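1. Here's a sequence, model it:
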Amino acid sequence: MRKIMTVALAALLAGACSQEATAPATDLALAYQAEAIAANIATTTETRHEDWLRRLFAALRNSDDPEAQACLAEARSLAQQARAAFEAGDRELGRQLLRDSFLKVLCAVVEVFPNAPERTGAAVDQAIDRIEERLGDREAPRIRAILAHVKELRVQANEALTAGNKVQALALNVRAIQILHRLVGHFRDGHRDHDEVADAEMEAVSF
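-> Model prediction:
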C-alpha cells in the first residue's frame, strides 16, 4: 500500500506541469502542484543553486579565472570563520558569515556565468506564470501571498541588476527560486520569514 501511495504521489508531482485539473483541489494539493512546476523549471533550466555550484566547479577545473578563484577562496575562508563562530556559541555572527560566504560563491558564479542573474530571473518569472495559470481563479490566499513575496524579490532583483549589482540580483533570484522550490514547506509550516528559511537552506549547501 505504501508503495502504491508513493507511486501515486510521484505521478501527481511529475504530471503537474502537463495535466489540467479535472476536479476542485485543496490548497495543499495546489501547493504540491506549484512546487512541482517550480522544481521542473529550475531543473530543466539548471537554475538551482546546486546546479550552478556543480557547473562552477566543473568550469573551474578547466579554467584559471583569477576573479572566480578569489571569490571561492574568500567563500571558503568565511565558511571556516562561520563554523568557528558557531562552535564558540555566537550564532548571529555565524549566520552572517555564512551569508557573506554564500554571496562570495555567487560572485564566482557571476564571473564564470555572467548572464546568471538574467537567466535565473527569467526562470522565476516563468515559474510564477505557470503556477498562476495552474491556480486559475481559485482564491488560495496563502499560496498567492507567497507568490506576491516572490514577485517583490523579482522587483528588487531587477533594481539591483539595473544598478549594476549582479551578485545581489542573483542572490535575490536564487532566494526566489528556493522559496518556490520549497513552496509546500512554506505553505504547510506557515513560515513568517520566507527569506530567512530560504537563505538558511541555501547556505547549508556544501561547496
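2. name the element the residue nearest to the spatial centre of the chain belongs to?
-> With distances taken as CA atoms, centre = their mean, the residue of the chain nearest its centroid is Q178 (2.2 Å). Using DSSP states H and E, Q178 falls within helix 166-181.
3. Heading C-terminal from that helix, find the next helix or strand.
-> Counting by DSSP H and E, the next helix or strand C-terminal to helix 166-181 is helix 183-189.
4. helices or strands up against that next one?
-> Helices and strands touching helix 183-189, by 3 or more CB pairs under 8 Å, 6 or more residues apart in numbering; DSSP states H and E, are helix 27-44, helix 141-162, helix 194-203. Just so you know, the C-beta spots here come from the backbone N, C-alpha and C atoms, and that holds for glycine as well.
5. quick one: average pLDDT of it?
-> Average pLDDT, helix 183-189: 74.
6. Tell me which residues are up against that helix.
-> 27-28, 31-32, 34-35, 38, 142-143, 146, 179, 191, 194, 197 (CB atoms under 8 Å, 6 or more residues apart in numbering).
7. Then stretch 157-176?
-> 49, 102-103, 106-107, 109-110, 114, 116-118, 120-121, 123-124, 150, 153-154, 156, 195, 198-199, 202.
8. do stretch 105-122 as well
-> By CB under 8 Å, 6+ apart, stretch 105-122 touches 45, 47, 52-53, 55-56, 59-60, 63, 65, 67-69, 71-72, 74-75, 154, 157-158, 161, 166-167, 169-171, 173-174, 176-177, 207.
9. From those residues, list the buried ones, please.
-> 45, 47, 52-53, 56, 59-60, 68, 71-72, 74-75, 154, 157-158, 161, 166-167, 169-171, 173-174, 176-177, 207 (16 or more other CB atoms under 10 Å).
10. correct me, but the residue nearest to the centre of the chain touches E50?
-> No. With contact defined as CB atoms under 8 Å, Q178 does not reach E50; the gap is 10.2 Å.
11. of the contacts of stretch 157-176, buried ones?
-> 49, 102-103, 106-107, 109-110, 116-118, 120-121, 123-124, 150, 153-154, 156, 198-199, 202.
12. about what we covered before: let me know which of the helices and strands packed on helix 183-189 is tucked in deepest.
-> Burial of the helices and strands packed on helix 183-189 is given as mean neighbour count (mean count of other CB atoms under 10 Å); helix 27-44 ranks first at a mean of 20.
13. Relative to the whole chain's centre, how far out is it?
-> Centroid separation for helix 27-44 versus its chain: 13 Å, with CA atoms, centre = their mean, to the nearest Å.
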